[in-house]
Structure formats: structure tokens, C-alpha cells
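Kindly return the folded structure for what I paste below:
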Amino acid sequence: MMYDLNKICSSLVIYGDFISAEPYGSGHINDTYRVTVNQSGTVVNYIFQRINNRIFKDVEMLMDNIRRVTEHLGRKIAGKEDSSRMALEIVPARNGQPFLIDDDGNYWRAYLFIEKAQTYDVIKNTGQAYETARAFGRFQRELADMSGARLFETIPDFHHTPKRLETLESAIKSDLKGRVKEVQPEIDFVMKRKADTARLIELNAAGAIPERITHNDTKLNNVMIDDVSGQGICVIDLDTVMPGLVHYDFGDMVRTSTSPALEDEKDLSKVFMQFDMFEALLRGYLEEAGAFLNPVEREYLPFSGKLITLEIGIRFLTDYLSGDVYFKISRPEHNLDRCRTQFKLVESIETQLDRMNKLLDELR
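Prediction:
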């Protein structure tokens, strides 16, 4: 669909003449564009995003989260060298709001474009893993002292693994598509690990691990990597920034960064946790976040990789049993293939947990 980005530009606090716009990035939820403007002879770029309000039902509260987070981060980095590239900065609408609504009811936001940096969809080496973990660890640390009301949950219970399991059990019981009989090994795999699903939630309820502000989508392509230094300079895609546990972020880094295989790989022999990637993640994360974590939070970092991988596998299995209603598929058993890669990675993590915990002890 075509949008009048020139008109949207004129509704934002942007001074200059619209030159062009082109799709940008590889996100699957929002529509993202790089918009170029002529400001008194200087070419300036911005990021425009159409917010998917079918997934994010309350855009006003979502944008209030992002406004508060970016303003807090902006205060933290003020005066530092290259501070304009270290945190997203919202370009407000002319009515003062951090978003605008176009004539067709679409929600839009804009950010200053971060120059001389880019994102990567596929992790290439341990250096990128280390920088990704440092960036997300720094992000958590800098938000640990943010004051004010609790952030809005943009997707309630997003990483509440016991509730994800309850949804799976409901899908098994209803068996809408008659698929339960063909996935009994996968169901048995989950049920053998049922006790694990509640462990972090129970520790939080007992006060052993605190609620923090977390990103909740800690893939490599949500960190801007500097073109020259190779450092992770800015965390992006803040739609799921909300209350959570630090393990949600670290666990998803392990899930998305340590296996050399694609998420939907059919050849499960290619799916395993590369220990050197895990070590890079742990070292990078602790370098930035280690100082504010309590002992129990630290203790459960290796376990979190297993848990979040299991959780995402549960979600893929649930969607397969429900008729593939949530995740986009390109073949009939796509979600089942995704589920199986997650469970294979869980097995690989389990075989290495002792070694992972030993490394954690060495880094204290």
C-alpha cells in the first residue's frame, strides 16, 4: 500500500523540503521507511514507521512508554561523545504528540535517523554476539533507575511461560485441526519440562528476582552496529519495552544468537548451541549489566536460554495445533518445523548447562 509520506512529513516537527522515501529494514510488524529531507541545502534522514495497531492495541500508551524510555536514556547520555547516535530520539507531531494519525486512521511515528550504523539479520561472529549483549545489558542498566509509574504492558503476559503452556494445553484439548496425534513426541517433550516453565515466575513472586524494564525482543537486528568500530551503539524497536525479568532478554539472546541454523531449519542436525557464542553473550551482557543484577538473577542466566527457547517452541506448537493463526507460514508444516528447531536447541542447551554455569561462576 502506498502512503503519502510527504503529507506525513509536513505534520511532524521537521523543517525542510521532502525529497524521497524508501522502505527500510527487515521488520515484519510495522512498515518502516527512510525519509530524506532537504534542510537548507543539507540532506537529512529520518525514520518513519506505521505502527501496526492490530497487534499493538493501545498506541497512545505504547508511545508513552517509548517517550518516557527515550527521554530517560537521553538524559543519561547527555554530554557524552556521539550521544546523538546512542539512543532513539522521537520527532514529535506538530500537535506535540509523539505520534500522529493520518487521514486513513493509520498511526505514525518518526525518529532521527542514526547515520553510519546498520543492523544485521544474521549473526556472523562472536564479536557481534558480544556487542549485541553489551548493548542490551547497557539498555537494561540505564533504565534500572527510571522513576514514575510502571510501564504499560504493550503485549500482556508476553513472556509468562506458564500461561503459554496453559494455552498449549487448551489447544491440545480442543484439537481443532486434528493434529494432536501427529505431534505427540513434541507434546511429551514439553510436559517433561513442565516444572521448568514456572520457575522464574515463582522466583519473582517470592521476591527473589525483581521486575525490571526489559526490551523483550533482543535479536541481533534490534541493535545498531557502528560501521567503523563494530560496536553496538543503539538499541532500537522499542514496541515491546515493558515490565519484565532480565532473563527474558538474556534468554532470547541465547535463543536467537547461538545456533547456526535458521529458525525453520528442517535438518535438525544443524541445530545446536555454539558454546563460544554463549560465552560471548554472557561476557558482553555481564560487562554492562553485571553490577545491578542480584545474585539470584545472575544464577538463572544460563537457565533462561533454555526457558525462553522452550517457550517459543511452545508458541509455535500451539499455533500449529490451532491452524496457524498467529505466525505467518509459507508451507503446511512451517510452524511445526519451527517448533522442532526450538526443542532441538533446548536439548543442546541442556547438555551444556553445567559448562554454562561453570563459566558464569568464573566470571563472578
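
Would you mark the buried spots in the strand or helix carrying residue 162?
Using DSSP states H and E, the secondary-structure element containing residue 162 is helix 161-174. The neighbour-count check on helix 161-174 (16 or more other C-beta atoms under 10 Å) flags 161-162, 164-165, 167-169, 171-172 as buried. The C-beta positions use only the backbone N, C-alpha and C, and glycine is treated the same way.

same question, stretch 120-136
Applying 16+ other C-beta under 10 Å to stretch 120-136 flags 123, 126, 128-136 as buried.

what about residue 267, how many neighbours?
A total of 9 residues lie near residue 267 under the criterion other C-beta atoms under 10 Å.

Which residue comes closest to it once chain neighbours are left out?
Computed as C-beta to C-beta, 6 or more residues apart in numbering, the closest residue to residue 267 that is not its neighbour in sequence is residue 261, at 7.7 Å.

Out of the buried residues of helix 161-174, the closest to residue 209 would be?
Distances from residue 209 to the buried residues of helix 161-174, taken as C-beta to C-beta, are shortest for residue 161 (14.0 Å).

My guess is the closest one contacts residue 195. True?
No: counting by C-beta atoms under 8 Å, residue 161 stays clear of residue 195, with 11.2 Å between them.

And the helix holding residue 162, what does it pack against?
If contacts are counted by 3 or more C-beta pairs under 8 Å, 6 or more residues apart in numbering; DSSP states H and E, helix 161-174 sits against helix 184-191, helix 194-197, helix 199-205, helix 301-322.

Surely the residue nearest to residue 267 is in contact with residue 274?
No: under the criterion of C-beta under 8 Å, residue 261 is not in contact with residue 274, lying 10.4 Å apart.

Strands of the stretch 101-250 of the chain, start to end?
107-112, 117-118, 212-214, 223-226, 232-235, 242-244 (DSSP state E, counting those that start in this stretch).

got TSV for these, with distance to residue 268 and mean pLDDT too?
Below are those laid out as TSV (distance: least, C-beta to C-beta, whole Å; pLDDT from 0 to 100):
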stretch	distance to residue 268	mean pLDDT
strand 107-112	40	97
strand 117-118	32	92
strand 212-214	30	97
strand 223-226	28	95
strand 232-235	31	95
strand 242-244	30	97
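
between those strands, which one is nearest to residue 184?
That would be strand 242-244 among the strands of the stretch 101-250 of the chain, by C-beta to C-beta, at 32.6 Å.

list the buried ones in the closest one?
Under the neighbour-count rule (16+ other C-beta under 10 Å), strand 242-244 has 242, 244 buried.

just checking, what packs against that strand?
strand 212-214.

Show me what the strand it packs on is packed against.
Going by 3+ C-beta pairs under 8 Å, 6+ apart, strand 212-214 lies up against helix 126-143, strand 242-244, helix 246-257.

Turn those into CSV, including distance to residue 330.
CSV is the format used below for the helices and strands packed on strand 212-214 (distance: least, C-beta to C-beta, whole Å):
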stretch, distance to residue 330
helix 126-143, 27
strand 242-244, 30
helix 246-257, 20
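
Of all those, which one is nearest residue 209?
That would be helix 246-257 among the helices and strands packed on strand 212-214, by C-beta to C-beta, at 7.6 Å.

so for the next helix or strand after that closest one, what's the average pLDDT?
Following helix 246-257 in sequence order, the next helix or strand is helix 275-289 (DSSP H and E). Average pLDDT, helix 275-289: 98.

chain center to helix 275-289, what's the gap?
17 Å (C-alpha atoms, centre = their mean, to the nearest Å).

mind checking how far residue 201 is from residue 217?
20 Å (C-beta to C-beta, to the nearest Å).

which of those two has more neighbours?
Comparing residue 201 with residue 217 by other C-beta under 10 Å, the one with more neighbours is residue 217, at 20 against 16.

Let me see the contact set for that one.
237, 239-240, 252 (C-beta atoms under 8 Å, 6 or more residues apart in numbering).

And the furthest pair within the residues you listed?
Most distant of the contacts of residue 217, by C-beta to C-beta, are 239 and 252, 14.6 Å apart.

The nearest residue to residue 272 once chain neighbours are set aside and residue 243, how far apart?
Spatially, and ignoring its direct neighbours in sequence, residue 272 is nearest to residue 348 (4.3 Å; C-beta to C-beta, 6+ apart). Noted for residue 348: a distance of 30 Å to residue 243, by C-beta to C-beta.

Nearest residue to the middle of the chain?
residue 217 (0.8 Å; C-alpha atoms, centre = their mean).

For that residue, grab phi and psi.
Dihedral pair for residue 217: phi -150, psi 70, per degrees, to the nearest 10.

Next, count neighbours for residue 92.
Around residue 92 there are 16 residues (other C-beta under 10 Å).

is it true that it touches residue 14?
No: at 9.9 Å, residue 92 and residue 14 do not qualify as touching, with contact defined as C-beta under 8 Å.

before we move on, the earlier item: ramachandran angles for the residue nearest to residue 267?
phi -90, psi 160.

Pull the contacting residues for it.
The contact partners of residue 261, taken as C-beta under 8 Å, 6+ apart, are 267, 270-272, 341.

cool, and residue 266?
Contacts of residue 266 (C-beta under 8 Å, 6+ apart): residue 337.
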